[in-house]
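Trainee: Below: sequence and its predicted model.
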Amino acid sequence: MKVLVAIKRVIDPYVKIRVKQDHSGVETQNVKMAMNPFDEIAVEEAIRLKEKGLVEEVIVVSIGDKSVQETLRTGLALGADSAIHVETDQLFSSLLIAKILKQMVQKTGSQLIILGKQAIDSDNAQTGSMLAALLEWPLASFASKIMLQGDKCQVTCEVDGGLQTVELTLPAVITTDLRLNTPRYASLPNIMKAKTKPLTVIPFNSFDISPNMDMHTIDVSPPPVRKAGIKVASVQELVEKLRHEAKVLL
């Protein structure tokens, strides 16, 4: 059985985000980039399933310009068998990405799709559910535990009220949550091996998908600067400021 893992190249979560001067987006030039943390968890889980002998091949796929090949090589260094780069300079909405991934599933013959529950740059958390709907496959979101046995997959999902365990019949789509696992670090030998693993580049225009955008960014602006805090001399002064300035007390 093949597992397809979708990964995204994002700004490193420990880097301070800067908005472009024209407010068209965030600055990505000369900024440290990394694999989306939730996607790292998805790659780790797919590799663990392979190590248990439950799947035969792990394929990582990413959509973007040539720079995403670095992120794909990271996935290969972690243990994926092969990588696919859908090359485009455009930034797509969740729906267009789901349509691309649907065709990638059909091209690779994958029976299990694992991806992060959301990307930390857009935070839409839409692609997984859209992909499942397009494929008409069952979906388990926010997975914190995955057990695979034959053509059945038992997934423990994190929901508002606690945990919910569902059973899916493969093929299926799963999105990962933080508590599913702890991603490994790539060893130096595996980093060297990743350079020789197959990485296929497919131009976006080879897909039967219209590039027309269904979502447009109007404006991106940074949050307002917080005012500096103040010190008060007494509890009475604190109460007065909370009552008359902050207006949180009656």
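Mentor: Everything's here; your move. Numbering: from 1, shown residues only.
Trainee: Confirm for me that residue 98 is in contact with residue 137.
Mentor: No. Using CB atoms under 8 Å, residue 98 is not in contact with residue 137, being 11.8 Å away. Every C-beta, even on glycine, is put in place using the N, C-alpha and C of the backbone.
Trainee: Look at the two and report which has more neighbours.
Mentor: residue 98 (22 against 19; other CB atoms under 10 Å).
Trainee: Confirm that that one sits in a helix.
Mentor: Yes. According to DSSP: H, G, I helix; E, B strand; the rest coil, residue 98 belongs to a helix.
Trainee: Contacts only, for it.
Mentor: Contacts for residue 98 (CB atoms under 8 Å, 6 or more residues apart in numbering) come out as 126, 127, 130, 131, 134.
Trainee: Can you list phi and psi of the fourth one for me?
Mentor: According to degrees, to the nearest 10, the main-chain angles of residue 131 amount to phi -60, psi -40.
Trainee: Return the residues in contact with it.
Mentor: Per CB under 8 Å, 6+ apart, neighbours of residue 131: 98, 101, 102, 105, 113, 115, 173.
Trainee: and the fifth one, what element?
Mentor: Element membership of residue 113, judged by DSSP states H and E, is strand 112-116.
Trainee: try the last one
Mentor: Counting by DSSP H and E, the element that carries residue 173 is strand 172-176.
Trainee: tell me the mean pLDDT for the following helix or strand past that strand?
Mentor: Following strand 172-176 in sequence order, the next helix or strand is helix 188-194 (DSSP H and E). Average pLDDT, helix 188-194: 93.
Trainee: Check which residues of helix 188-194 are buried.
Mentor: residue 194 (16 or more other CB atoms under 10 Å).
Trainee: just checking, residue 217 touches residue 24?
Mentor: Yes. Under the criterion of CB under 8 Å, residue 217 makes contact with residue 24 at 7.0 Å.
Trainee: List the buried residues in the strand holding residue 113.
Mentor: In strand 112-116, counting by 16+ other CB under 10 Å, buried: 112, 113, 114, 115, 116.
Trainee: got these as a markdown table, with pLDDT and distance to residue 30 columns?
Mentor: What follows is the buried residues of strand 112-116, written out as a markdown table (pLDDT from 0 to 100; distance: CB to CB, whole Å):
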| residue | pLDDT | distance to residue 30 |
| --- | --- | --- |
| 112 | 95 | 38 |
| 113 | 96 | 34 |
| 114 | 96 | 32 |
| 115 | 94 | 28 |
| 116 | 93 | 25 |
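Trainee: Looking at the residues you listed, which one is closest to residue 92?
Mentor: residue 115 (14.8 Å; CB to CB).
Trainee: Bridging across strands, which residues link to the closest one?
Mentor: residue 6, residue 175 (DSSP bridges).
Trainee: Surely residue 58 is within a helix?
Mentor: No. Assignment of residue 58 by three-state DSSP gives strand, placing it outside any helix.
Trainee: residues touching it, list them.
Mentor: By CB under 8 Å, 6+ apart, the residues touching residue 58 are 2, 3, 5, 43, 46, 47, 50, 79, 80, 81.
Trainee: helices or strands next to the lengthiest strand in the chain in the packing?
Mentor: Ranked by number of residues, the top strand in the chain under DSSP state E is strand 139-149. Applying 3 or more CB pairs under 8 Å, 6 or more residues apart in numbering; DSSP states H and E, one finds that strand 139-149 contacts helix 37-51, helix 127-135, strand 152-159, strand 162-169, strand 172-176.
Trainee: highest average neighbour count across these?
Mentor: strand 172-176 (a mean of 28; mean count of other CB atoms under 10 Å).
Trainee: same question for it, mean pLDDT?
Mentor: The model assigns strand 172-176 a mean pLDDT of 95.
Trainee: Go through the contacts of residue 98 and name the one nearest residue 195.
Mentor: When those are compared against residue 195 (criterion: CB to CB), the nearest one is residue 127, at 28.9 Å.
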